[in-house]
Every structure is written in C-alpha cells, then in structure tokens.
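Novice: Sequence and predicted structure below; questions after.
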Amino acid sequence: MTKLFLDTNIWLRFFLKDNDQFQDVSQLITQIEEGKFLPYTSSVVFLEIVFVLQKIYHLGQAKIITCLQSILEVRNLTLIDKTDTKKALGYFRKYGIKYSDCLIASQIVPKMTLVTYDKELSKIKTIKTSSPADYR
C-alpha cells in the first residue's frame, strides 16, 4: 500500500478550510479513511501546526488540541518522531530551504511520498513529492 507523509500545509488546509486546496485535501483524507493509503506525519509537523495556528491564526489552545487530536485519530496513522539531523543539515546547506522542512524531509523513508504544497521540497531529488490533487 502507498505510504503518504502528510506535510504541515496539508493539515492546515484541512483544518482552516480557507482556500480551494481544502477540496483536494479533504478528498485525500477521505481516501486515507477508506484505507487506500497509509498515512504518516511527524512531531515536527505538529510543532509547525501549533506555531502557525497560534501565531498566524490566533487560535486558542483548546482548538489547537482538538486539531492535533483529530490527526492522531486518522485511520492507520503512523507518527514519526525520529529525525536525522545530519541529513537535515545537509539538505539545508545544499538546497537553502527552511530548516524545519529539512527536518521533515529527513523523516521520509524509501517508498514513501511526501504530500505537500511546498514547491521548495521538490528541490530534494532523493525524496518523492506530490500534491493532494495527484490523488483525485
């Protein structure tokens, strides 16, 4: 079964419903809940979600906890906590993308696709990236 690592921006579009990307993300989450894909995300993604929801969208702690808890309830979700700092630093040096994105990229294993709207991550040729629209 296809392993999909869902990046921060995927979860944010799902929770915020603030643009037309929500439809594609919602469709992908539905397919995950139907068992068509194996979902992955990470503690680094959780950290970014909390930061964005607090600092940019000014959501309260209770709402943020509800969002994070709902991620944990996604069917067959695997939460990755291990990063590879040396690999992340190498990505940061070579590609000049955000360090937090480099940490996330370091969590991607072979035969896993990083689902993201972040075009910068496609610079890293050793990982496969896609967008939710690719799963329509």
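Specialist: Arrived safely, thanks for sending. Residues are numbered from 1 along each chain as shown.

Novice: neighbours of residue 34, just the number please.
Specialist: As a burial measure, residue 34 scores 9 neighbours (other CB atoms under 10 Å). For glycine as for every other residue, the C-beta is placed from the backbone atoms N, C-alpha and C.

Novice: If you could redo that for residue 42, that was the one I meant.
Specialist: So residue 42, with other CB under 10 Å, has 23 neighbours.

Novice: wait, doesn't it sit right on residue 109?
Specialist: No - counting by CB atoms under 8 Å, residue 42 stays clear of residue 109, with 11.6 Å between them.

Novice: so where do the helices sit in the chain?
Specialist: Secondary structure of the chain (DSSP state H): helices at 8-16, 21-33, 43-55, 61-72, 85-95, 99-105.

Novice: out of the ones you listed, nearest to residue 1?
Specialist: Among the helices of the chain, the nearest to residue 1 by CB to CB is helix 21-33 (10.6 Å).
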